[in-house]
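Participant: the following comprises the amino acid sequence and a computationally predicted model.
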Amino acid sequence: MASPSVLVMAFLSLLIIALLSFAGTNGEVSKWREFDYFALALQWPGTVCRGTRQCCSYNACCRGSNAPSEFTIHGLWPDYNDGSWPACCSHSRFDIKEISSLLSALEKYWPSLSCGSPSTCDGHKGTFWAHEWEKHGTCSYPVIRNEYDYFLTTLNVYFKYNVTKVLSEAGYVASDSEKYPLGGIVSAIENAFHASPLVVCSGNDVEELRLCLYKDFKPRDCVVSSLVQAGAVSSKGSCPKYVRLPVYVSSFGLRNGGMTIPVSSVIESL
Ligand SMILES: *[C@@H]1O[C@H](CO)[C@@H](O)[C@H](O)[C@H]1NC(C)=O
């Protein structure tokens, strides 16, 4: 005959198992701890599109005169203060149907700038959007709870903090001849948003600009000063002292065709 305390223990164990399996099917139990802040990663098409080797319907570098001329979205990435980040936090598979109402905005502001198929979390290949949602978006829980919310929130943040506008108002406009002081670009963002961005270059050319945000989407510095002091990261990213914002040039294979791809065919091809 089991003593009452053993019965109580057995009952409690069953209760805990039941609660854990409940969490497993509803809120996913992730091996990652909750992230600390967001980085809104933006791409400069004038730089990224220069590497175009191949055209396909979904590559915005191949849209000729309709190609993007402002910073476009790369992704909204949950990060940790120590410089690392969580990835692939749940098994939620990307489903384009969930974001059908956002597709025309996503095509315009969050296009793929290559024909590559990035890998998603369980080793398969997917679209740019699938990669961003599965690898990064799933880690933005509990601030962002589903795929639709992830894409809508990112678009809203991108509209709110118009980096291209801030830079052009400070005189930093697309040009192949001008070289701009990196410090000036960083200061323009700091003055507008009261937070330091991170700038990533390819040679002398600005390739990405990351704007960092607290969980309530207010801007914050991308790099915490203790890490800079420790020499772990540089607040200036990978850029030289003077940088360019290259003008977009129509990618190879399209100069004679003037091939512009209507949004509808892009969506069908996904
Ligand atoms: C950013 O501002 C510019 C005006 O400088 C405007 O043309 C553009 O549409 C804005 N971008 C977004 C995403 O709102």
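Facilitator: Thanks, I have it.
Participant: name the helix or strand for Arg244, please.
Facilitator: Per DSSP states H and E, Arg244 falls inside strand 242-245.
Participant: give me the helices and strands touching that strand, please.
Facilitator: With contacts taken as 3 or more C-beta pairs under 8 Å, 6 or more residues apart in numbering; DSSP states H and E, strand 242-245 sits against strand 175-181, helix 182-193, strand 205-213. In this view, the C-beta of every residue, glycine as well, is placed from N, C-alpha and C.
Participant: could you measure from Phe159 over to Thr153?
Facilitator: Separation of Phe159 from Thr153 (C-beta to C-beta, to the nearest Å) stands at 11 Å.
Participant: between the two, tell me which one has more neighbours.
Facilitator: A side-by-side neighbour count of Phe159 and Thr153, using other C-beta atoms under 10 Å, places Thr153 first with 17 against 10.
Participant: per-residue pLDDT, the nearest residue to the more buried one once chain neighbours are set aside?
Facilitator: Once flanking residues are discounted, Thr153 sits nearest to Ile144: 5.6 Å by C-beta to C-beta, 6 or more residues apart in numbering. Looking at Ile144, its pLDDT reads 97.
Participant: in the sheet, who's paired with Val200?
Facilitator: Glu208 (DSSP bridges).
Participant: and among the helices and strands packed on strand 242-245, the most buried is which?
Facilitator: Of the helices and strands packed on strand 242-245, the one with the most neighbours on average (mean count of other C-beta atoms under 10 Å) is strand 205-213, at a mean of 23.
Participant: distance from stretch 193-210 to the middle of the chain?
Facilitator: Distance, stretch centre to chain centre, for stretch 193-210: 14 Å (C-alpha atoms, centre = their mean, to the nearest Å).
Participant: quick one: distance of stretch 149-162 to the chain centre.
Facilitator: Here stretch 149-162 is found 11 Å from its chain centre; the criterion is C-alpha atoms, centre = their mean.
Participant: now do stretch 62-74
Facilitator: Distance, stretch centre to chain centre, for stretch 62-74: 16 Å (C-alpha atoms, centre = their mean).
Participant: show me the helices in the protein, by range?
Facilitator: For the chain, the helices defined by DSSP state H occupy 4-25, 45-48, 103-109, 128-131, 147-160, 163-169, 182-193, 225-229, 263-269.
Participant: compare the mean pLDDT across those helices and name the weakest.
Facilitator: Mean pLDDT is lowest for helix 263-269 among the helices of the chain, at a mean of 41.
Participant: residues from this structure in reach of the ligand?
Facilitator: Residues of the chain that fall close to the ligand, judged by C-beta under 6 Å from any ligand atom: 70, 109, 158-159, 162, 164-165, 168.
Participant: of these - the most surrounded one?
Facilitator: That'd be Tyr158 among those, by other C-beta under 10 Å, with 21 neighbours.
Participant: just give the nearest non-adjacent residue to it, would you?
Facilitator: Counting by C-beta to C-beta, 6+ apart, Ile73 is the residue found nearest to Tyr158 once chain neighbours are left out, at 5.4 Å.
Participant: now that neighbour: how far from Glu107?
Facilitator: Ile73 is 11 Å from Glu107, by C-beta to C-beta.
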